[in-house]
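Engineer: Just need the structure, nothing else, for what follows:
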Amino acid sequence: MKKIVLTLLLVLGSMTIEAQELTWHTDVNKASEIAIKTKKPLLFFFTGSDWCGWCIRLQKEVFTKPEFATWAKENVVLVDLDFPRRKQLSPELTKQNNELQQMFAVRGYPTVWMVTPTMVDKKVSFEKLGSTGYVAGGPEKWLAGANQILANKK
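Structural biologist: This next block holds a predicted model:
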C-alpha cells in the first residue's frame, strides 16, 4: 500500500514539475522572434494577475495542468501580458501591454488571443486567429476551444 501511495505522489509531483517548466515571455518582440523561427502562433494571456479572480482561476484550473503544458510546448509560444494593481511593472512593459490591450480591444480579463506574428520591415505585425477567456470544465474543455482557434491558422 505504501508503495502505491509513494508511486502516485511521485507521478503527481513530476506532472506538477512539468507544468511549472513552461516559459511565459513578457517581451513580445522576443516571443515573436521565437514564434517566427518555430512557426508557432503566440498565445497572449491578458491578465490581472494579482486582482482578477477569473484570471487566477484560469491559471489554477488550466495553465498549471500537465495537459496544458504538453499542449503549449507543442503548439504555441506563451506571452503573459499583465495588468497588476499591487505590483509595479517597468514603464516599457506597461507601455507594451497597454498598446497590445488597445490593439486587441481587450475589455475584460482574462482574455486569451492567439495570433500569428510576421515581420514586416523589422516591425512585428499580428494576424488574429481568435480569442477566448475562462472556460469552465478544466483543461480538456479549454484546450478543445483553443484547438478550434488554432485550426484557423493558415
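
Engineer: Show me where the protein has its strands.
Structural biologist: All strands of the chain, identified by DSSP state E, fall at 24-25, 42-47, 77-82, 111-120, 123-132.

Engineer: out of everything not next to it in sequence, what's closest to M114?
Structural biologist: The shortest distance from M114 to any non-neighbouring residue, by C-beta to C-beta, 6 or more residues apart in numbering, is to L129 (4.4 Å). For the C-beta atoms, the positions are set from N, CA and C on the backbone; glycine is no exception.

Engineer: which residues touch that neighbour?
Structural biologist: By C-beta atoms under 8 Å, 6 or more residues apart in numbering, the contact list for L129 reads 41, 113-116, 149-150, 152-153.

Engineer: Would you mind giving the strands of the chain as JSON lines with mean pLDDT and distance to A69 added?
Structural biologist: What follows is these, written out as JSON lines (pLDDT from 0 to 100; distance: least, C-beta to C-beta, whole Å):
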{"stretch": "strand 24-25", "mean pLDDT": "98", "distance to A69": "11"}
{"stretch": "strand 42-47", "mean pLDDT": "98", "distance to A69": "13"}
{"stretch": "strand 77-82", "mean pLDDT": "98", "distance to A69": "10"}
{"stretch": "strand 111-120", "mean pLDDT": "95", "distance to A69": "16"}
{"stretch": "strand 123-132", "mean pLDDT": "95", "distance to A69": "18"}
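
Engineer: Let me know which of these is tucked in deepest.
Structural biologist: Greatest average neighbour count among those goes to strand 42-47 (a mean of 24), per mean count of other C-beta atoms under 10 Å.

Engineer: what angle sits between it and strand 111-120?
Structural biologist: Here strand 42-47 runs at an angle of 140 degrees relative to strand 111-120 (axes from the mean of the first three to the mean of the last three C-alpha atoms, to 10 degrees).

Engineer: So what touches strand 42-47?
Structural biologist: Here strand 42-47 has contacts from 24, 28, 31-32, 35, 55, 58-59, 63, 72, 76-83, 97, 100-101, 104, 106, 109-117, 126, 146, using C-beta under 8 Å, 6+ apart.
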